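>>> Quick one, what's the 3D model for this:
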Amino acid sequence: MAESTTSSVPDVLAQGLTCVFCGINPGRVSAAAAAHFANPRNDFWRLLHDAGFTPRLYDPQEQFELLGLGIGVTNAAYRTTPGSGDLRRGDFDTASFDARIREVAPRAVAFVGKEAYRGLYNERPELGPQLRSIGRTGLFVLPSTSPANAAVSYDQRLQWFRALHAWLEPTARTAVRALVIDDDDRILLVQYRRPVGDETWWGTPGGGVDPGESDQQALARELQEEIGLHDFELGPVLYEHVGEFPWARQLFRQVNTTYLVRVREHEPRATIDLTAEGVIDVRWWSRSELEATDAQLAPSDLLERVRNLTA
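Numbering: from 1, shown residues only. Next up is the predicted model:
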């Protein structure tokens, strides 16, 4: 049976949200009220307030007011059932859910209950942040707020909601990158893969600046490790961009400074094992290859930046 694509309980979603809370599916009380977590015995709205997400206790009918606080709500499955145990495997459409999240691109999705996550990804999660992500959206699993989850006390649930609240503030990170160009105006890019799943993208080589390092020292270390480039002349700063992303169960806000590095020729080769950093390939790209590719690039406007530089 295919997933139901409609529900009497509307998605509360918009662009630019900090966190989208995801229940497993609408129960009968929520369906009748056309509101998320409408069962008066469900602790969701009280936990949201007590953990500091809302300035006061909201009523389920005020669900769309959450958008102004950077909060959204959706469900892993749309079909209404008496209980989550009545759901079938076909009620979960992972591709549709991931597309819904990618469209609005929140900082994180918080699954309200392990079964909401498990239904979509067929994995048994632990509570807390997950290795899996949806693009640049991090994933976090909370205990269920349903009255059926009596084994977990209110205080325990509140601790996890507060842990989520703290986790949602990204860790600040400074990084340096290099737009490496050879005499044929080819661009050297590194391919990265997320820790879970098959999503990959191409970006400029580089990485984080360690405490006490200058940009030049950090870039020299990164280029030696990632592409085996030892001797180079550091050119001017080309651009800066800020990226937010999840990695290894953390959220980061990274300020990237990209320098120009020109080389006559170079055969790229990593000098250390970069598996833990998600690096899986490195290669030269001609301008025409960049123009024609449908591969994901980072930053997303990298091609336009290269066009401006090589014009």
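>>> by contact count, what packs against the helix-or-strand element of the chain with minimal mean pLDDT?
Least confident helix or strand of the chain, by mean pLDDT, DSSP states H and E, is helix 302-310 with a mean of 86. Helices and strands touching helix 302-310, by 3 or more CB pairs under 8 Å, 6 or more residues apart in numbering; DSSP states H and E, are strand 171-181, strand 234-247, helix 287-292. Any C-beta I mention is one placed from the backbone N, CA and C, and that applies to glycine too.
>>> Can you say which of those is nearest to Gly278?
Closest approach to Gly278 among those is made by strand 234-247 (7.8 Å; CB to CB).
>>> circling back: of the helices and strands packed on helix 302-310, flag the one that's most buried.
Ranked by mean neighbour count, the helices and strands packed on helix 302-310 are led by strand 171-181 with a mean of 20 (mean count of other CB atoms under 10 Å).
>>> what about the closest residue to Pro246 other than its chain neighbours, neighbour count?
Leaving aside its chain neighbours, Pro246 sits nearest to Gly138 (3.4 Å; criterion: CB to CB, 6 or more residues apart in numbering). Gly138 has 28 neighbouring residues, counting by other CB atoms under 10 Å.
>>> Look at Gly138 and report its pLDDT.
With respect to pLDDT, Gly138 has a value of 98.
>>> Run through the bridge partners of it.
Taking DSSP bridges as the rule, Gly138 bridges to Ala108, Ser133.
>>> any idea how far it lies from Gly128?
Shown here: Gly138 relative to Gly128, a distance of 11 Å by CB to CB, to the nearest Å.
>>> Now do the strands in the stretch 1-150 of the chain.
For the stretch 1-150 of the chain, the strands defined by DSSP state E, counting those that start in this stretch cover 19-23, 71-75, 108-112, 128-134, 137-142.
>>> Make JSON lines from those strands and add distance to Asp86 to it.
Formatted as JSON lines, the strands of the stretch 1-150 of the chain follow (distance: least, CB to CB, whole Å):
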{"stretch": "strand 19-23", "distance to Asp86": "15"}
{"stretch": "strand 71-75", "distance to Asp86": "14"}
{"stretch": "strand 108-112", "distance to Asp86": "18"}
{"stretch": "strand 128-134", "distance to Asp86": "26"}
{"stretch": "strand 137-142", "distance to Asp86": "22"}
